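Chemist: Take a look and give me a structure for this.
(chains A and B)
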Amino acid sequence: NAGVTQTPKFQVLKTGQSMTLQCAQDMNHNSMYWYRQDPGMGLRLIYYSASEGTTDKGEVPNGYNVSRLNKREFSLRLESAAPSQTSVYFCASSGPEGTVYGYTFGSGTRLTVV
Amino acid sequence: DQQVKQNSPSLSVQEGRISILNCDYTNSMFDYFLWYKKYPAEGPTFLISISSIKDKNEDGRFTVFLNKSAKHLSLHIVPSQPGDSAVYFCAASEVMIKAAGNKLTFGGGTRVLVKP
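Modeler: This next block holds a predicted model:
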């Protein structure tokens, strides 16, 4: 089925370890996003890519880096994981017109940093 | 400071009754508002939206009301069904359509439990 695919679904890291969360969409969307969900905080934007070749910081970018590998793929990297990065991470895409109701979310990656 | 707030973290309602979810925002530049529904272990899915030029939008059992002067919107679910049990997120955007990179700002969510 068409949509947004995230891998892995679950991950446990030790403090200081690094990892990359992968995201791919097959809807030919221009824009892609990374959000994190924390209890009571809703979804907060980490980074986004308005179009292939561009990336911008969102509300909570510290401790993360991103790569828009091509139009389909947008990865999120934690260089040195910290317990504060324990969260559920959602990738989303929108477009091609960038309409907000065109947002499609992946099923999430649950990350625990111990 | 959160620009979009959902002050009720949870709501319990009997099947067949009305569920009312509330959302407040502070950014006067927000022009388009949405509600998303999220089941456990799934990503949020779009439910209903409203533009600031309207004060009401209805889609089946779901109605969203917008009071722009009060910076307040609400979602009504009538009648509530057990399958409506989920977390509901309010979200806002400064524009409805943007060439690229249209960002959404989300509230903290309200967990709804509909009892049979």
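Chemist: Number of residues surrounding the closest residue to A:Glu79 other than its chain neighbours?
Modeler: Excluding its sequence neighbours, the residue lying closest to A:Glu79 (C-beta to C-beta, 6 or more residues apart in numbering or on different chains) is A:Ser18, at 5.2 Å. C-beta here means a position set from N, CA and C on the backbone, and glycine is covered the same way. For A:Ser18, the neighbour count with other C-beta atoms under 10 Å in any protein chain shown is 10.
Chemist: ok, A:Ser18 - contacts?
Modeler: Contacts for A:Ser18 were tallied using C-beta atoms under 8 Å, 6 or more residues apart in numbering or on different chains; they are A:77-81.
Chemist: Secondary structure, pLDDT and neighbour count added to those, as TSV?
Modeler: Shown next, in TSV, are these (DSSP: H, G, I helix; E, B strand; the rest coil; pLDDT from 0 to 100; neighbours: other C-beta atoms under 10 Å in any protein chain shown):
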residue	secondary structure	pLDDT	neighbour count
A:Arg77	strand	98	13
A:Leu78	strand	97	20
A:Glu79	coil	93	12
A:Ser80	coil	96	11
A:Ala81	coil	96	21
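Chemist: mind listing the strands for chain B?
Modeler: According to DSSP state E, chain B carries its strands in the segments B:4-5, B:10-14, B:19-25, B:32-38, B:45-51, B:56-59, B:62-67, B:72-77, B:86-93, B:105-106, B:110-115.
Chemist: right, and B:Leu73 touches B:Leu21 too?
Modeler: No. When contacts are counted by C-beta atoms under 8 Å, B:Leu73 is not listed as touching B:Leu21 (9.2 Å).
Chemist: more neighbours, the two?
Modeler: B:Leu73 (26 against 21).
Chemist: what pLDDT does that one get?
Modeler: On pLDDT, B:Leu73 comes in at 97.
Chemist: picking that back up, any figure for the gap between the residue nearest to A:Glu79 and A:Lys9?
Modeler: 19 Å (C-beta to C-beta, to the nearest Å).
Chemist: what does chain B put close to chain A?
Modeler: With C-beta under 8 Å from any C-beta of the partner chain as the criterion, chain B meets chain A at residues B:2, B:4, B:6, B:9, B:32, B:34, B:41-46, B:49, B:89, B:91, B:93, B:96-109.
Chemist: What subset of those residues is buried?
Modeler: B:2, B:4, B:6, B:32, B:34, B:43-44, B:46, B:49, B:89, B:91, B:93, B:96, B:98, B:100-109 (16 or more other C-beta atoms under 10 Å in any protein chain shown).
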